[in-house]
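**Student:** the following comprises the amino acid sequence and a computationally predicted model.
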Amino acid sequence: MVDEVKGQTALAAVPVTLKASRPLNERDFFPDASIEEMDNLLNFYLAINCDVDALFGTHFDKNDSDSWLNVYADYNLDAGEVVGVLELTLCRYDGVDIPMRYLLSDDERATLLAQMRDYCQQCGTPLDEWRAEYLAEREAEAASTVRKNTKQEGENKMSSREISLWIDERWADALEEHLPGHDLQKKMEELLNGLIEQLPEQVREDIRREIRAEDERMEQEREAQRRFSALKVTEDGRDSFLISEGGMSLLNVSGSIRNYLSTDAPFASTLYKVRECDVTEFKSALAERVDNTGRVVGVFMVDVDAETLSTLDECGGWHEYKFHDLSVAAYAANRKTQQRQERRQEIFAEKLSGKELTPVVETHAPAPMMGQTM
């Protein structure tokens, strides 16, 4: 398949809008393979049963077996109707993808809806039943959220008390006019602190000790809940160590790799919310990953110069992949922005299966540091 579609380069970020030479019918495309539920959408993969070039005026190279065309249609579970856009993606052998779309007419949407109903029936779950189950789940989730919020509000009120002071606006204006430079709010806080200092010393110490203990407990809980990843990046012969608060999975890092391959920017600039760290902090994260405390989401050795990545699993095993294979798998997993994270991970693992460069080696010792000793 060629590098250009309707005048758009292969790196085009905005989908190319296609126009058809005639209305689409039920013989051109039909649902095939699995149906994926992505938030409020049912995503149908459509098999191609027509001459795409004749239909859309494109010029795909049919002899290029290393590239392919994906076609998808969505059903909106909230609205109970077919989404008015047919999504097409030209997936090239070099990892660059060309997004395209075709705007469906009302008649074409009706045709697709009938095909979706038939296909769902064949798969064992009628479309109307699928939608009814989805709506029931959404209603149950909404009710659960209300209960959680109500409970949280009650807990917050138990730990602190709001003290409000109302004053006539004229008094407030006069204070601001005749006491310029004074923060009325700050003054009231100082007066309140003065009253606290008048309490018996033992009472003050007991309360301050309780507050410190609560603060320490909350800090320990925050640390226990902390999730992060550690990366060692080798680029242009130089090593850097990074921490990602919140944690980047292999899929996240692979998405950054895909962005890097499409730009001239340094690899680190494609990573989201990372900070630099020293080798000691990196080694600590590596050890904690092996100990499987649950806090370290991933440890990654990214060799940008060699275009390879090694990742450490919870059992101490290192796995190495090529940038290209990670990029292709990330595209497949992230093709739909509404995709649920669990399903993205499944697709990513499926596409990456069999692409590992080296066999799994379980070890509790760090891997070589690619140019720098630990």
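**Tutor:** Done, it's in. Numbers count the residues shown, from 1 in each chain.

**Student:** any idea of the pLDDT on the residue of the chain most remote from its centre?
**Tutor:** Largest separation from the mean C-alpha position in the chain: H178, at 54.7 Å (CA atoms, centre = their mean). At H178, the model reports a pLDDT of 80.

**Student:** measure it to A172 for me?
**Tutor:** 11 Å (CB to CB, to the nearest Å). Using the backbone N, CA and C atoms, a C-beta is placed for each residue, glycine as well.

**Student:** how about low-confidence regions in the stretch 201-350 of the chain?
**Tutor:** Across the stretch 201-350 of the chain, the ranges flagged by pLDDT under 70 are 335-340.

**Student:** where exactly do the helices run in it?
**Tutor:** Per DSSP state H, counting those that start in this stretch, the stretch 201-350 of the chain carries helices over the ranges 201-225, 250-261, 279-291, 323-334, 341-352.

**Student:** closest to Y272 out of those?
**Tutor:** helix 250-261 (7.5 Å; CB to CB).

**Student:** C-alpha coordinates for the closest one, PDB please?
**Tutor:** This file holds the C-alpha atoms of helix 250-261, laid out as PDB (Å, rounded to 0.1, in the frame of the first residue of the first chain):
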ATOM      1  CA  LEU A 250       5.000  -1.500  29.100                       C
ATOM      2  CA  LEU A 251       2.000  -0.500  27.000                       C
ATOM      3  CA  ASN A 252       2.500   3.200  28.100                       C
ATOM      4  CA  VAL A 253       6.200   3.200  27.300                       C
ATOM      5  CA  SER A 254       5.500   1.500  24.000                       C
ATOM      6  CA  GLY A 255       3.100   4.300  23.100                       C
ATOM      7  CA  SER A 256       5.900   6.700  23.800                       C
ATOM      8  CA  ILE A 257       8.200   4.700  21.600                       C
ATOM      9  CA  ARG A 258       5.600   4.900  18.800                       C
ATOM     10  CA  ASN A 259       5.500   8.700  19.100                       C
ATOM     11  CA  TYR A 260       9.300   8.800  19.200                       C
ATOM     12  CA  LEU A 261       9.600   6.900  15.900                       C
END
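
**Student:** just the residues contacting it, thanks.
**Tutor:** 95, 229, 231, 248, 267, 270-272, 298, 300, 302, 304, 309, 311, 323-324, 326-327, 329-331, 333-334, 344-345, 348 (CB atoms under 8 Å, 6 or more residues apart in numbering).

**Student:** what's the angle between it and helix 323-334?
**Tutor:** Computed by axes from the mean of the first three to the mean of the last three CA atoms, to 10 degrees, the angle separating helix 250-261 from helix 323-334 equals 120 degrees.

**Student:** can you offset everything so residue one is 53?
**Tutor:** Okay, residue one is now 53; in that scheme the one you just asked about reads as helix 302-313.

**Student:** now helix 302-313 and helix 393-404, what's the angle there?
**Tutor:** 70 degrees.

**Student:** which helices and strands sit right next to the one helix or strand A166 maps to?
**Tutor:** Taking DSSP states H and E as the criterion, A166 maps to helix 158-175. If contacts are counted by 3 or more CB pairs under 8 Å, 6 or more residues apart in numbering; DSSP states H and E, helix 158-175 sits against strand 81-90, strand 93-100, strand 120-128, strand 133-134, helix 179-211.

**Student:** backbone dihedrals for G346, please?
**Tutor:** Torsion angles at G346 (phi, psi; degrees, to the nearest 10) stand at phi 90, psi -10.

**Student:** count of residues packed around it?
**Tutor:** Neighbourhood size, G346 [other CB atoms under 10 Å]: 12.

**Student:** give me every residue that touches F334.
**Tutor:** Contacts of F334 (CB under 8 Å, 6+ apart): A282, K284, F293, I295.

**Student:** and the gap between the third one and Y324?
**Tutor:** If I follow you right, that is F293. The separation that F293 has from Y324, given CB to CB, amounts to 17 Å.

**Student:** ok, the second one next?
**Tutor:** Distance from K284 to Y324, counting by CB to CB: 17 Å.

**Student:** next: D130.
**Tutor:** Distance from D130 to Y324, by CB to CB: 29 Å.
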